[in-house]
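Asker: Requesting a structural model of the entry that follows:
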Amino acid sequence: MNRLPRIEQYGLIGDTQTSAHVCDDGSIDWLCLPRFDSPAVFAGLLGTQKHGSWQISPAPSADRNGPEKVTERRYRGDSLVLESVWRTPTGSARVLDFMPPRDGTPQVIRSVEGLAGDVEMVSAMCPRPGYGSVGPWIHEVGGRMVAEAGADALWLDTCVPQMEKDGVVVSTFATSAGQSVAFVLSWCPSHAGAPDVPDPEAALAETLSFWQNWTQECTYDGPYREAVVRSSIALKAMTYGPSGGIVAAPTTSLPEEIGGHRHWDYRYTWLRDASTTLAALLGTGYRQEAQAWRRWLLRAVAGDPENLQIMYGITGERDLRERELPWLPGYEGSAPVRVGNGAANQLQLDVYGEVIDTLYLAHQSGVAHCADTAVLHQRLIEHLVQRWEEPDEGIWEIRGDRRHFVHSKVMAWVAVDRTIRLAEASALDMDVAPLIELRAAIHCEVCAKGFDPVRNTFTQSYGSQQLDAATLLIPRTGFLPPDDPRVIGTVDAVRGELSTDDGLVYRYPTCGEDTGADGLTGDEGTFFLCAFWLVDGLALTGRLDEARALFERLLALRNDLGLLAEEYDTVQQRQLGNFPQAFSHMGLIQSALLLQQIETQSSPRQGAVAVPAPRSTSRSMCRSAAALTPQLA
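Answerer: Next comes the predicted model:
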């Protein structure tokens, strides 16, 4: 069987500390233990099933030589319990896949239930720790199968016979209506004692209760509630519970172009991604996550905001050195496979804006004041005052020369603006007079150097002719009002030059075999988040029907489980990039909230979901503030 599953064929299960990717043929092809950023014990997603996988499906028969896709699958209610049903000529069976939220031992539970007739089933677990590089020692201990390699031990418990064959733990069994067989995979350090075996039924009940209780806190009750709740669950699943850190995605090296070289490790906490994710969760009523992230931020940045990194490990690690894994061929041959991320040491000025905007939104949402966070905020803004005039690598983490990105400068303006607002609300003890002048100076510089009056659009960077979808955020930030002709022109320009016929949006132009302005060769798919930004731009500029139509088109591109990767290939009509992607689900939630606010003509809150009222800036004020900038810097 030629097995090349598309990215959208996978579902996600997780325990808010790590996650697993379950294909629609019953194979778990990606699982890192015990954390999101640990080496994978199943790495078949980036190679073949021989690099690590765990298949449970009907046994092959004479008329088929391999596993088939499930007949139907879905999540059970508002949870991460995945139901997969196979209907065969002899009967039907269901597999429930889930990971109980935990304080200790990570576990994957796969419960096989007979629904009708009799179905021959096979479980074949091929553990390969070290990202598929190590063949473990598989042996039996007290009737339990264990696979040990270095520091890792994987214990597989079930009530049916198991045997090891060529490095694979195999069980063949039959299911009948009303019967069930559970498999429990537990990880523990190889030097530790054997983990306890849970009661699968009790673990299922606890898992369902955890997710149902959490989703009941969602305050959104608009027309897209199903999509918003499912995206919220995905974001919660990408949050590392013990620390509050949020991964950008739970995978590494899924390509932005099949066969290309644009693929990176996203299993870390970007300040930008985490901030905007929390903004989306705050917009739907979740405050506990914001408090946990705020504590994570204090620990990660520590007493060293002058050396702020744009990303950290999920518990605040700073050393994220990038390396390649040559033994893995990559997803559909898209090599190299990378772990670590060299962008950690880049300068990306926009992160100051995203972090401070989220702190502002948390204040607006009623999250309790934190004196330590206020001190950190003040030091961050002081550092930004010193650096805002520098070029940087920007939101898209270019690997070429630094430039003066318009989006970075706009977000620097956001950082200053939100700081002023918090100080005026007595939430920060700061002198706002120089900040008010700085805010005007940044505003005037962006309008003078980042806007093309001939084309009536903001550009990617100062002096550039290229466009950038990130400029669609200008009205959302409050930098300019939505009815400003420059905003309308920018929305139209991005829509005309960076979007496809069906409204999907590229981040910026790429150059194929030539090296682009981002320092990379190759192309990529359209970016889901950018399309949601276009939804927002259309809605804010009065084209609500077009915005709603595009939003619903994007919802239709989710996979059958409501999940989105980073990008979409409009030619091959498939998802691309790391999966699921926090950015994509955050964009979905924010667009749904904005559409609801505009449709109900309510006064939107300021911050991530709403549009803060812009501060007027006359040309005379611009000249005056610009002259004062060197004193502030």
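Asker: Go through the helix or strand residue 410 falls within and flag the buried ones.
Answerer: Assessed by DSSP states H and E, residue 410 sits inside helix 406-424. Residues of helix 406-424 classed as buried: 406-423 (neighbour count, 16 or more other C-beta atoms under 10 Å). The way it works is simple: take the backbone N, C-alpha and C, and place the C-beta from them, glycine included.
Asker: all helices in the stretch 301-450 of the chain, in order from the N-terminus.
Answerer: 350-364, 371-387, 406-424, 433-449 (DSSP state H, counting those that start in this stretch).
Asker: what's the offset of stretch 574-581 from the middle of its chain?
Answerer: Counting by C-alpha atoms, centre = their mean, to the nearest Å, stretch 574-581 is centred 9 Å from the centre of its parent chain.
Asker: what are the C-alpha coordinates of it, in PDB please?
Answerer: C-alpha atoms of stretch 574-581 as PDB (Å, rounded to 0.1, in the frame of the first residue of the first chain):
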ATOM      1  CA  ARG A 574      -4.400  20.500   0.800                       C
ATOM      2  CA  GLN A 575      -3.100  21.900   4.100                       C
ATOM      3  CA  LEU A 576       0.600  22.600   4.500                       C
ATOM      4  CA  GLY A 577       2.900  23.400   7.400                       C
ATOM      5  CA  ASN A 578       2.900  22.500  11.100                       C
ATOM      6  CA  PHE A 579      -0.300  21.200  12.400                       C
ATOM      7  CA  PRO A 580      -2.500  22.200  14.100                       C
ATOM      8  CA  GLN A 581      -1.300  25.800  14.100                       C
END
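Asker: From the rest of the structure, what touches it?
Answerer: By C-beta atoms under 8 Å, 6 or more residues apart in numbering, the surrounding residues in contact with stretch 574-581 are 6-8, 10, 12, 21, 234, 238, 248-258, 263-264, 266, 524-525, 528-529, 557, 559, 563-569.
Asker: Averaged pLDDT, that stretch. What do you get?
Answerer: For stretch 574-581, mean pLDDT is 98.
Asker: With stretch 289-296 instead?
Answerer: In this model, stretch 289-296 has a mean pLDDT of 88.
Asker: Show me what that stretch is in contact with.
Answerer: The contact list for stretch 289-296 (C-beta under 8 Å, 6+ apart) reads 236, 239, 243-246, 269, 274, 278, 281-282, 315-316, 358-359, 362, 365, 367-368, 370, 373.
Asker: Going through those, which ones are buried?
Answerer: For those, buried by 16+ other C-beta under 10 Å: 236, 239, 243-246, 269, 274, 278, 281-282, 315-316, 358-359, 362, 365, 367, 370, 373.
Asker: thinking again about what came up before, save the helices of the stretch 301-450 of the chain as CSV, and put in distance to residue 489 too.
Answerer: Shown next, in CSV, are these (distance: least, C-beta to C-beta, whole Å):
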stretch, distance to residue 489
helix 350-364, 22
helix 371-387, 28
helix 406-424, 14
helix 433-449, 13
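Asker: what would the ones you listed look like in JSON lines with mean pLDDT?
Answerer: Below are these laid out as JSON lines (pLDDT from 0 to 100):
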{"stretch": "helix 350-364", "mean pLDDT": "91"}
{"stretch": "helix 371-387", "mean pLDDT": "91"}
{"stretch": "helix 406-424", "mean pLDDT": "97"}
{"stretch": "helix 433-449", "mean pLDDT": "97"}
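Asker: and residue 481, which of those is closest to it?
Answerer: For the helices of the stretch 301-450 of the chain, proximity to residue 481 was assessed by C-beta to C-beta; helix 433-449 is nearest, at 12.7 Å.
Asker: measure the closest residue to residue 356 other than its chain neighbours to residue 24 for me?
Answerer: Setting aside the residues directly before and after it, residue 356 is nearest to residue 415 in space (C-beta to C-beta, 6 or more residues apart in numbering), at 4.4 Å. Computed as C-beta to C-beta, to the nearest Å, the residue 415 to residue 24 distance reads 44 Å.
Asker: Name the single longest strand found in the protein.
Answerer: As assigned by DSSP state E, the longest strand anywhere in the chain is strand 107-126.
Asker: Mind listing what's buried along that one?
Answerer: Neighbour-count burial for strand 107-126, counted by 16+ other C-beta under 10 Å, picks out 107-115, 119-126.
Asker: now the helix holding residue 410 against helix 371-387, angle please.
Answerer: With axes from the mean of the first three to the mean of the last three C-alpha atoms, to 10 degrees applied, the angle from helix 406-424 to helix 371-387 works out at 140 degrees.
Asker: And helix 406-424, what does it pack against?
Answerer: On a contact count with 3 or more C-beta pairs under 8 Å, 6 or more residues apart in numbering; DSSP states H and E, helix 406-424 meets helix 350-364, helix 371-387, helix 433-449, helix 474-477.
Asker: thinking again about what came up before, what strands line up against the longest strand of the chain, and which way round?
Answerer: Strand pairing for strand 107-126, determined by DSSP bridges: strand 53-58 (antiparallel), strand 91-98 (antiparallel), strand 168-176 (antiparallel), strand 180-189 (antiparallel).
Asker: how many neighbours does the residue nearest to residue 463 when sequence neighbours are not counted have?
Answerer: Distances taken as C-beta to C-beta, 6+ apart place residue 449 nearest to residue 463, at 7.3 Å, with adjacent residues excluded. Counted with other C-beta atoms under 10 Å, residues neighbouring residue 449 total 14.
Asker: ok, residue 449 - contacts?
Answerer: Counting by C-beta under 8 Å, 6+ apart, residue 449 touches 404, 462-463.
Asker: Repeat that for residue 176.
Answerer: Shown in contact with residue 176 (C-beta under 8 Å, 6+ apart): 91, 114, 117-118.
Asker: Let me know the closest of these to residue 599.
Answerer: Of all the contacts of residue 176, residue 114 has the smallest distance to residue 599: 47.2 Å, by C-beta to C-beta.
Asker: is the closest one in a bridge, and if so with what?
Answerer: Counting by DSSP bridges, residue 114 is bridged to residue 93.
Asker: Just list the residues touching it, thanks.
Answerer: 91-93, 175-180.
Asker: Give me the buried subset of the contacts of stretch 574-581.
Answerer: Among the contacts of stretch 574-581, those classed as buried by 16+ other C-beta under 10 Å are 6-8, 10, 12, 21, 234, 238, 248-257, 263-264, 266, 524-525, 528-529, 557, 559, 563-569.
Asker: on contacts alone, who are the packing partners of the helix or strand containing residue 490?
Answerer: Residue 490 is part of helix 485-497 when elements are defined by DSSP H and E. Contact partners of helix 485-497 among helices and strands, from 3+ C-beta pairs under 8 Å, 6+ apart: strand 457-458, helix 474-477, helix 528-540.
Asker: Show me what the shortest one is packed against.
Answerer: For strand 457-458, the helices and strands in contact under the criterion 3+ C-beta pairs under 8 Å, 6+ apart are strand 451-452, helix 485-497.
Asker: Including mean neighbour count and mean pLDDT, could the ones you listed go into TSV?
Answerer: Compiled in TSV, those are given as follows (neighbours: other C-beta atoms under 10 Å; pLDDT from 0 to 100):
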stretch	mean neighbour count	mean pLDDT
strand 451-452	18	98
helix 485-497	19	97
